[in-house]
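Enquirer: One predicted model, sequence on top.
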Amino acid sequence: MARIRTTVDGLVYEDDVEPRMLLVQYLRERLGKTGTVIGCDTSNCGACTVHLDGLSVKSCSVLAVQANGSEVLTVEGLERDGQLHPVQQAFHDNHALQCGYCTPGMIMQSIDLLGDNPDPTEQEVREGIEGNLCRCTGYQNIVRAVQDAAQKMKPGASASQPATSSVAGGGA
Amino acid sequence: MIPASFDYVRPTSVAEAVQALADGGDDAKILAGGQSFIPVLRLRMGDPSLVVDLGGIAELRGVREEGDKIVVGAMTTHHDVTRDDLLNQHVKLISEATKTVADFQVRHRGTLGGALAHADPAGDLAAPTLALDAEFVIAGPDGERTVASADFFEDYFTTAIGPQEILTAIRFPKYTGWGARYEKFNRVAQAWSIVAVAATVKVEGGTITDARIGLTNMAGTPVRARGVESALVGQTMSEETVRAAAQAAAEGTSPTSDADAGSDYREHLAKVLTGRAVLAAAG
Ligand SMILES: Cc1cc2nc3c(=O)[nH]c(=O)nc-3n(C[C@H](O)[C@H](O)[C@H](O)COP(=O)(O)OP(=O)(O)OC[C@H]3O[C@@H](n4cnc5c(N)ncnc54)[C@H](O)[C@@H]3O)c2cc1C
Ligand code: FES
Ligand code: FES
């Protein structure tokens, strides 16, 4: 057993874990954060994507012990005061999901991409979510949603509607 | 699947890591970015008794200039390699090749040292290091040694790193002002190279004065396309010259046949991609 201390979605956790425990297992089985899902055994699908110290990672390919001392952000930590994150809202508005299994990972990777490139072209979005597989949508509406979110998150995109208020009514 | 049980240590210096490997015996294994190793553990294709995590060793991370060399710590991530100014300026070929590796998430964790130690014949970073005459710095119980890239890659998934040794850094000569291109052929996004060509050339006043070309997945190890290099050097740069020289690209290779491509198709790809890579590098 190894003792780890991590900050997950803003809260500090301390736990004893077996070294072989994957970060995704820790999140789901210890912390009950089942929003992050497992879609494959080969590190290909990206469904398990979370942010580790500000960078997107596949949480099935990181050991929980490697996250000791780090900050983790999952899809469950995105909402603010009952309002969806603009990327979550854009997925909702643009019908960017069907079964929804890839969605948590897609959203986390899209947020990472937009942090790096706030106004990506269609091609840049496609390359940015290269590590995330979707078996349902054909990606078209996912790409649309990411570009929609980029517009809404732009500072001054609509002077009367700053990024945070553009998500008003989130979850409706 | 969940990996089988193992013990875990996270040393904070190379000396401690070497000691941990020695104490751990034959079944001790190194963990770098984990992007090849953790999938192997999950599929239970590996069953180490002890995992030595290099993630806590600050001296293994980062890029620095040492005289006429650029030195990259083995634990420098693919992500950091693609963004490094020194590499972009002096060793552009490695930056270009690294941009094509896997996807953002994998590049955030995977490391240059891990990819080279793994030595997958379809991996994208071995051919550039061979073409660039990089040197590999390896630490072990008997101290530090340096291995030339021509001697580092021994076979499929096999390198000159001994069982109790750690790759600590990769040293590149400077290729300031050289053009570079990594031309990768694969079927879908996020897939490994079926064949790829790493080319870097120096063009002065319209003449190709130097050229270095490495091939990915044309044998169990990366291969240097020396026939193409010598056909290019001294020639006036033109599309015709480059395409003619590229015909020598498959010489001395021994490509495999698999579900992606037969060996004859790989030879064809090597020639076509070499032409493209050199033209783009010179352009
Ligand atoms: C979905 C996916 C797609 C990928 N696509 C590509 C691709 O297109 N091109 C490509 O080139 N690669 C690809 N990769 C592999 C990626 O480049 C890995 O990062 C790399 O192969 C391993 O680096 P790592 O730091 O993660 O090493 P690890 O996985 O931690 O280690 C790999 C092996 O090397 C050994 N090792 C690691 N570091 C050292 C060291 N310093 N000294 C001695 N031994 C060491 C380990 O013991 C282990 O056996 C892909 C991986 C995934 C998951
Ligand atoms: S579960 Fe598929 S990449 Fe992590
Ligand atoms: S919506 Fe079903 S996998 Fe993407």
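Expert: Cool, got the structure. Ligands and ions are numbered 1, 2, ... in the order given.
Enquirer: quick one: contacts for the spatially most central residue of chain A?
Expert: Taking C-alpha atoms, centre = their mean, the centroid of chain A lies closest to A:Met108, which sits 1.8 Å from it. Contact analysis of A:Met108 by C-beta atoms under 8 Å, 6 or more residues apart in numbering or on different chains lists A:Thr49, A:Val50, A:His51, A:Ser56, A:Leu73, A:Thr74, A:Val75. Quick note: C-beta positions are derived from backbone N, CA and C, even for glycine.
Enquirer: The fifth one: neighbouring residues, count only.
Expert: Neighbour count of A:Leu73, defined by other C-beta atoms under 10 Å in any protein chain shown: 20.
Enquirer: Any idea what it is bridged to?
Expert: On the basis of DSSP bridges, A:Leu73 is bridged to A:His51.
Enquirer: Now for A:Asp148, how many residues are close by?
Expert: Residues lying near A:Asp148 (other C-beta under 10 Å) number 19.
Enquirer: Measure how buried the closest residue to it other than its chain neighbours is and give me the count.
Expert: In space, not counting the residues next to it along the chain, A:Asp148 is nearest to A:Ala90; the distance is 4.4 Å by C-beta to C-beta, 6 or more residues apart in numbering or on different chains. Using other C-beta under 10 Å, A:Ala90 has 27 neighbouring residues.
Enquirer: ok, now which ones touch A:Ala90?
Expert: Counting by C-beta under 8 Å, 6+ apart, A:Ala90 touches A:Ala96, A:Ala145, A:Val146, A:Asp148, A:Ala149, A:Lys152.
Enquirer: Okay, and which of those residues map to strands?
Expert: Among the contacts of A:Ala90, no member falls in strands (DSSP state E).
Enquirer: out of the residues you listed, who's nearest B:Gly114?
Expert: A:Val146 (29.8 Å; C-beta to C-beta).
Enquirer: re the thing from before, export the helix or strand containing the residue nearest to the centre of chain A to PDB, keeping only CA atoms.
Expert: Assigning secondary structure by DSSP states H and E places A:Met108 in helix A:103-116. Extracted C-alpha coordinates of helix A:103-116, given in PDB (Å, rounded to 0.1, in the frame of the first residue of the first chain):
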ATOM      1  CA  THR A 103     -18.700  12.400 -24.000                       C
ATOM      2  CA  PRO A 104     -16.800  12.800 -20.600                       C
ATOM      3  CA  GLY A 105     -13.500  12.200 -22.400                       C
ATOM      4  CA  MET A 106     -14.400  14.300 -25.400                       C
ATOM      5  CA  ILE A 107     -15.400  17.200 -23.200                       C
ATOM      6  CA  MET A 108     -12.200  17.000 -21.100                       C
ATOM      7  CA  GLN A 109     -10.000  16.800 -24.200                       C
ATOM      8  CA  SER A 110     -11.900  19.700 -25.900                       C
ATOM      9  CA  ILE A 111     -11.300  21.900 -22.900                       C
ATOM     10  CA  ASP A 112      -7.600  21.100 -23.000                       C
ATOM     11  CA  LEU A 113      -7.500  21.900 -26.700                       C
ATOM     12  CA  LEU A 114      -9.300  25.200 -26.300                       C
ATOM     13  CA  GLY A 115      -7.000  26.200 -23.500                       C
ATOM     14  CA  ASP A 116      -4.100  25.800 -25.900                       C
END
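Enquirer: Is ligand 2 within reach of that helix?
Expert: No: Helix A:103-116 stays clear of ligand 2 (C-beta under 6 Å from any ligand atom), getting no nearer than 7.6 Å.
Enquirer: Can you name the next helix or strand after that helix?
Expert: helix A:122-128.
Enquirer: Residues in contact with that next one: which ones?
Expert: Helix A:122-128 is contacted by residues A:Gln109, A:Ser110, A:Asp112, A:Leu113, A:Asn117, A:Pro120, A:Tyr139, A:Val143, A:Val146, A:Gln147, B:Phe104, B:Ala189 when judged by C-beta under 8 Å, 6+ apart.
Enquirer: I'd like those as CSV, with neighbour count and distance to ligand 3 appended.
Expert: Listed next are the contacts of helix A:122-128 as CSV, based on neighbours: other C-beta atoms under 10 Å in any protein chain shown; distance: C-beta to the nearest ligand atom, whole Å:
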residue, neighbour count, distance to ligand 3
A:Gln109, 28, 12
A:Ser110, 30, 13
A:Asp112, 23, 18
A:Leu113, 21, 17
A:Asn117, 14, 22
A:Pro120, 20, 20
A:Tyr139, 17, 9
A:Val143, 22, 13
A:Val146, 28, 14
A:Gln147, 20, 18
B:Phe104, 23, 18
B:Ala189, 13, 15
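Enquirer: Ligand 1 contacts on the stretch 151-283 of chain B?
Expert: Applying C-beta under 6 Å from any ligand atom, we find that the stretch 151-283 of chain B lies next to ligand 1 at B:Ile161, B:Ile166, B:Leu167, B:Gln190, B:Trp192.
Enquirer: Highest neighbour count among these?
Expert: Tallying neighbours with other C-beta under 10 Å puts B:Leu167 at the head of these, with 27 neighbours.
Enquirer: Using the three-state scheme, assign it.
Expert: Counting by DSSP: H, G, I helix; E, B strand; the rest coil, the backbone at B:Leu167 sits in strand.
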